[in-house]
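> Sequence and computational prediction follow.
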Amino acid sequence: MIPEFADPADPSLPLWLVHSGDAGPMLPPGLGAFAESWARAQGFAGKPGQLCLLPAADGALAGALFGLGAADQPPGRERFPLARAAEALPAGTWRLENLPDGFDAGRAALGWLFAQYRFDRYKAAEPARARLVCPAGVEPRRLLAMAAGEYLARDLINTPASDMGPAELEEAARALAARHGATVEVTRGADLLDANFPMIHAVGRAGAQEPRLIDLRFPGSGPRLTLVGKGVCFDTGGLDIKPPASMALMKKDMGGAANVLGLAETMASLGLTRGLSLRVLIPAVENAISANAFRPGDILTSRKGLTVEINNTDAEGRLVLADALALAAEEAPALLISMATLTGAARVALGPELPPFFCDDDATAAAIQSAGMAAADPVWRLPFWEPYEAMIEPGIADLDNAPSGGFAGAITAALFLRRFAAGAGRYAHFDIYGWQPSAAPGRPKGGTGQGMRALLDALPELLA
């Protein structure tokens, strides 16, 4: 589906934004005595998220009131509170009225677009009923591009592995490239060995579909930006098989790939790729179980030449990312970003909706975290903690893919990846979850983008 705003020329109804006050709701002047009486009779107090439909004298719908809470209260728990109105209002076209000073109309409109999303590939879904006229002073093109990238990421993550294997992920990348004039090169199957991507091949060789490395380049010139996304289309855990409860959501283990494709979609739609050299790399595999699956105790030699002892086949994401990061670093990009649904440790530390990221450069990290908070796309910096390097160094190989002990799992995984990103100007790794466990305004249960808007808003500063 395609996100859209209503045509400003269409007849529309007012949605009045109302703060609460000590003496009751701060109703806007000109609302009219009838509407004011009705609102008070309905118990409308301007509380956060409170909605009150307003009738006209003839019984027709005349508009609605939406509560913002006290004007001096800190931001609430919801990223997109106005999305509650988008989900609850009756069918029709609506326009925002009575915008308070400091009100972020852009965020409100983006949340409204996010609330329109429906995943209806397998079951018909009722379309969004309420449509919004883009508020005055807000650039609709940017919001629509961000929503399109988010929709793409959600669609890819929500699609089960039966219809989103490595081949289908490649098709999605090719479709994006065709929309925006990018070139695509794909290395598959045994050709991965010839091209020196041995760990991508080892992880994916047991799958029904051939493992592959997808390489997109967008037309443009300027600073080199490379995005690497983990594309494990399903993760059984391999021979170290996951229990059923842990395997249930593993269709989302390609969430890193979905997010870098969503970010590339937004950037290309806005023409941002013309001012830089954007490359997107996706190692696409299925971590399956078969007679030729890689085994615990195996030692793999990576593209970089570093050897890796396999102490758990369920720590496969870092292996496929390592070969892709090594390739990316050979080109010495100014900024190298990896995104992956990598560790359960990250979720234990910060929960499902605050993904950690790792970056050695303080200015880069500060720009990303600040942009994420401002864009309602929060991320939180964790350290590449040098003293833990010894934890990923086993006795018989250069690296250990799954250190024993269970401590600092997100950090040790990030340290592992950093070994392969050496050569890039700056490197940042995002350990995302890619899934909304329960519905929230503008964020339905299911696949979700994380870190995309944080990076989008930070990039002008990072690549200046």
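That came through fine.

> Same question for the helix or strand hosting Ala345: list its buried residues.
Counting by DSSP states H and E, the secondary-structure element that holds Ala345 is helix 344-350. Residues 345-347, 349-350 are the ones in helix 344-350 that count as buried (16 or more other C-beta atoms under 10 Å). The C-beta positions use only the backbone N, C-alpha and C, and glycine is treated the same way.

> got it, and stretch 347-364?
Buried residues in stretch 347-364 (16+ other C-beta under 10 Å): 347, 349-350, 352-353, 355-359, 364.

> isn't Ser12 right up against Ala6?
Yes: under the criterion of C-beta atoms under 8 Å, Ser12 makes contact with Ala6 at 6.8 Å.

> Quick one: the strands in the stretch 1-150 of the chain, in order.
With DSSP state E, counting those that start in this stretch as the criterion, the stretch 1-150 of the chain has strands at 13-21, 24-25, 51-55, 61-70, 92-97, 130-132.

> So what's the model's average confidence on the last one?
Averaged across strand 130-132, pLDDT comes to 97.

> That one pairs with which strands?
Counting by DSSP bridges, the strands paired with strand 130-132 are strand 92-97 (parallel).

> quick check: angle from the strand it pairs with to strand 13-21?
40 degrees (axes from the mean of the first three to the mean of the last three C-alpha atoms, to 10 degrees).

> Number the chain from 58, please
I'll keep to 58 as the first residue from here, and by that count the last item is strand 149-154.

> can you give me the angle strand 149-154 makes with strand 118-127?
Going by the same axes, to 10 degrees, strand 149-154 is angled at 40 degrees with respect to strand 118-127.

> Give me the residues contacting strand 149-154.
Contact with strand 149-154 is made by 63-64, 67-74, 85, 118, 120-121, 142, 162, 165, 186-190, 192, as judged by C-beta atoms under 8 Å, 6 or more residues apart in numbering.

> what about Ala485, helix or strand, and which?
Per DSSP H and E: Ala485 is located in strand 483-488.

> Which SSE is immediately downstream of that strand?
Immediately after strand 483-488, counting by DSSP H and E, sits strand 492-493.

> Export the lengthiest helix in the chain to CSV, keeping only CA atoms.
The longest helix of the chain (DSSP state H) is helix 197-215. In CSV, the C-alpha atoms belonging to helix 197-215 read as follows (Å, rounded to 0.1, in the frame of the first residue of the first chain):
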residue,chain,number,x,y,z
PRO,A,197,4.3,16.4,2.8
ARG,A,198,6.9,15.0,0.4
ARG,A,199,9.4,14.2,3.2
LEU,A,200,6.7,12.7,5.4
LEU,A,201,5.3,10.5,2.6
ALA,A,202,8.8,9.3,1.8
MET,A,203,9.5,8.4,5.4
ALA,A,204,6.1,6.6,5.6
ALA,A,205,6.9,4.7,2.4
GLY,A,206,10.2,3.5,3.8
GLU,A,207,8.5,2.4,7.0
TYR,A,208,5.7,0.6,5.1
LEU,A,209,8.3,-1.3,3.1
ALA,A,210,10.2,-2.4,6.2
ARG,A,211,7.0,-3.5,7.9
ASP,A,212,5.8,-5.4,4.8
LEU,A,213,9.1,-7.3,4.4
ILE,A,214,9.3,-8.2,8.1
ASN,A,215,5.6,-9.2,8.4
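
> now it: how far from the chain's centre is it?
Remark: helix 197-215 is offset 9 Å from the chain centroid, using C-alpha atoms, centre = their mean, to the nearest Å.

> list the helices and strands that helix packs on?
Under the contact criterion of 3 or more C-beta pairs under 8 Å, 6 or more residues apart in numbering; DSSP states H and E, the helices and strands touching helix 197-215 comprise helix 162-172, helix 223-237, helix 312-326, strand 503-504, helix 509-519.

> can I get the ones you listed in a markdown table with distance to Ile214 and mean pLDDT?
Listed next are those as a markdown table, based on distance: least, C-beta to C-beta, whole Å; pLDDT from 0 to 100:
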| stretch | distance to Ile214 | mean pLDDT |
| --- | --- | --- |
| helix 162-172 | 15 | 97 |
| helix 223-237 | 11 | 98 |
| helix 312-326 | 5 | 98 |
| strand 503-504 | 3 | 98 |
| helix 509-519 | 12 | 97 |
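
> just to revisit the earlier point, single out the most deeply packed of the strands of the stretch 58-207 of the chain.
strand 187-189 (a mean of 22; mean count of other C-beta atoms under 10 Å).

> Show me what that one is in contact with.
Under the contact criterion C-beta under 8 Å, 6+ apart, strand 187-189 has outside partners 61-63, 142-144, 146-153, 166, 169-170.

> Which among the residues you listed count as buried?
For these, a burial check counting by 16+ other C-beta under 10 Å picks out 61-63, 142-144, 146, 150-153, 166, 169-170.

> pLDDT of the strand holding Ala485, averaged?
98.

> and it, what other elements does it pack with?
Strand 483-488 packs on strand 392-397, strand 413-416, helix 419-431, helix 466-478, going by 3+ C-beta pairs under 8 Å, 6+ apart.

> As a check, name the ranges of all strands in the stretch 258-407 of the chain.
269-274, 281-286, 288-292, 334-344, 356-358, 364-366, 392-397.

> in the fifth one, what's buried?
By 16+ other C-beta under 10 Å, the buried positions in strand 356-358 come out as Leu357.

> what lines up beside it in the sheet?
strand 364-366 (antiparallel).

> Flag the shaky bits of this structure, pLDDT-wise.
By pLDDT under 70, the low-scoring segments of the chain are 132.

> can you rerun that using 90?
Low-confidence segments of the chain (pLDDT under 90): 58, 79-81, 86-87, 89, 114-116, 128-135, 158-159, 452, 462-463, 521.

> May I see the helices and strands packed on strand 483-488 arranged in CSV, with distance to Gly81 as well?
Formatted as CSV, those follow (distance: least, C-beta to C-beta, whole Å):
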stretch, distance to Gly81
strand 392-397, 47
strand 413-416, 43
helix 419-431, 32
helix 466-478, 48
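
> closest to Asn368 out of these?
With C-beta to C-beta as the measure, helix 466-478 is the member of the helices and strands packed on strand 483-488 nearest Asn368 (11.7 Å).

> would JSON lines of the strands of the stretch 258-407 of the chain with distance to Arg198 be doable?
Below are the strands of the stretch 258-407 of the chain laid out as JSON lines (distance: least, C-beta to C-beta, whole Å):
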{"stretch": "strand 269-274", "distance to Arg198": "23"}
{"stretch": "strand 281-286", "distance to Arg198": "21"}
{"stretch": "strand 288-292", "distance to Arg198": "29"}
{"stretch": "strand 334-344", "distance to Arg198": "19"}
{"stretch": "strand 356-358", "distance to Arg198": "46"}
{"stretch": "strand 364-366", "distance to Arg198": "45"}
{"stretch": "strand 392-397", "distance to Arg198": "24"}
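
> hmm, back to that, columns distance to Arg281 on top of the helices and strands packed on helix 197-215, output as a markdown table?
What follows is those, written out as a markdown table (distance: least, C-beta to C-beta, whole Å):
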| stretch | distance to Arg281 |
| --- | --- |
| helix 162-172 | 29 |
| helix 223-237 | 18 |
| helix 312-326 | 14 |
| strand 503-504 | 29 |
| helix 509-519 | 12 |
